[in-house]
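# Predicted coordinates and the sequence they were generated for:
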Amino acid sequence: MNFDMRIDPEEMIKYAKKNTLKYQNNLPYPHIVIDDFFDESDLTGILDEFPDKNDIDWIKFSEKSSIKLASKDENQLGLKTFHLVNVLNSGSFLKFLENLTGIKGLISDPYLFGGGLHSIHNGGYLRVHADYNKHNTLPLERRVNVLLYLNKNWKDSFNGNLELWNEGMTHCVKEIQPLFNRIVVFNTDSTSYHGHPKKVSCPSNRSRKSLALYFFTVQNAAEPRLEHSTLYMDRPSDRVWTVIENIVKSFIPPIVVSILKKFRKLKKKS
């Protein structure tokens, strides 16, 4: 296969300028969904070399906030994926993002801190959250997320939709299916709440696959932002269960409270 993955700078800038107002005015915060961004045959090559759960030394998350696999190690990327990451970290792609988002001086992260490959198998999920806002080693502020999905023939019944929530966390404003060759770009700040909290329900031989890259700007000394790690948020249904637990604690034995907590955990994953 003739693997290229080059991008046409002129076409990308034209698209960015045409859609910048749409991007900036989208709710609940600036974002856009772009389908068929790359040549399908080229991106199929990326999917073909996407590692299975036992192929590499994945970073495993199995906790209250998420159940997923991740890899940011470029030495564990296939050759085609390594090239794709370089394309998405290139100057041409940065100019595209700057024209699309209106944010100037964007900087890519070759370390893929928090980014890279993500694979969520049956039962996995990611709670709604706002991302960390400072780079772990560099004096940079996180500004833009880019998610590329790699899931062919993904069914609604598999769940895994990306959810964008409003600032008050009262409702989900938009759901985005993680379809093959779909890119989602969005601004990230302390209230850009997103995630896929419904547990994935796909066949055991499949997973929800994506490539994530994050983009930064130099910290603005005149307008410093309070540093924070990832901020996980409760959905309204989660808060209802918290109230119920607090009420019943006053009336029932501890063993029953323990059972209710386990039931609440199951609800959060559903």
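Good, I have the coordinates.

# which residues of the chain fall in helices?
Here the chain has its helices, by DSSP state H, at 9-25, 40-48, 79-88, 91-101, 236-248, 254-269.

# pLDDT (mean, whole number) over the fifth one?
What it means is helix 236-248. Average pLDDT, helix 236-248: 63.

# next one: the fourth one
Across helix 91-101, pLDDT averages out at 97.

# ok, residues contacting that helix?
Outside helix 91-101, the residues that touch it by Cβ atoms under 8 Å, 6 or more residues apart in numbering are 7, 9, 12-13, 15-17, 19-20, 23-24, 30, 32, 87, 103-108, 143-144, 146, 185, 187, 215. (Each C-beta comes from the backbone N, C-alpha and C, glycine too.)

# Residue 68: what's it in contact with?
Applying Cβ under 8 Å, 6+ apart as the definition, the contact partners of residue 68 turn out to be 61, 118-120, 124-126.

# Filter these down to the buried ones.
The neighbour-count test (16 or more other Cβ atoms under 10 Å) marks 118-120, 124-126 as buried among the contacts of residue 68.

# And for residue 76, the neighbour number?
Burial measure for residue 76: 16 neighbouring residues, criterion other Cβ atoms under 10 Å.

# One more: residue 59?
Counted with other Cβ under 10 Å, the neighbours of residue 59 add up to 14.

# again with residue 220
Residues contacting residue 220 under the criterion other Cβ under 10 Å number 10.

# re earlier: and the two most separated of the buried ones among the contacts of residue 68?
Farthest apart among the buried ones among the contacts of residue 68 by Cβ to Cβ are 119 and 125. That separation is 12.9 Å.

# quick one on the thing from earlier: can I get the buried ones among the contacts of residue 68 in CSV with pLDDT and distance to residue 41?
Below are the buried ones among the contacts of residue 68 laid out as CSV (pLDDT from 0 to 100; distance: Cβ to Cβ, whole Å):
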residue, pLDDT, distance to residue 41
118, 98, 23
119, 98, 22
120, 98, 25
124, 97, 29
125, 97, 32
126, 97, 30
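
# need the contact list for the nearest residue to residue 202 once chain neighbours are set aside.
Leaving out its chain neighbours, the residue that sits closest to residue 202 by Cβ to Cβ, 6 or more residues apart in numbering is residue 158, at 4.2 Å. Taking Cβ under 8 Å, 6+ apart as the contact definition, residue 158 lies against 200-202, 206, 208.

# cool, residue 123 as well?
The neighbours of residue 123, taking Cβ under 8 Å, 6+ apart as the test, are 67, 199-201, 269.
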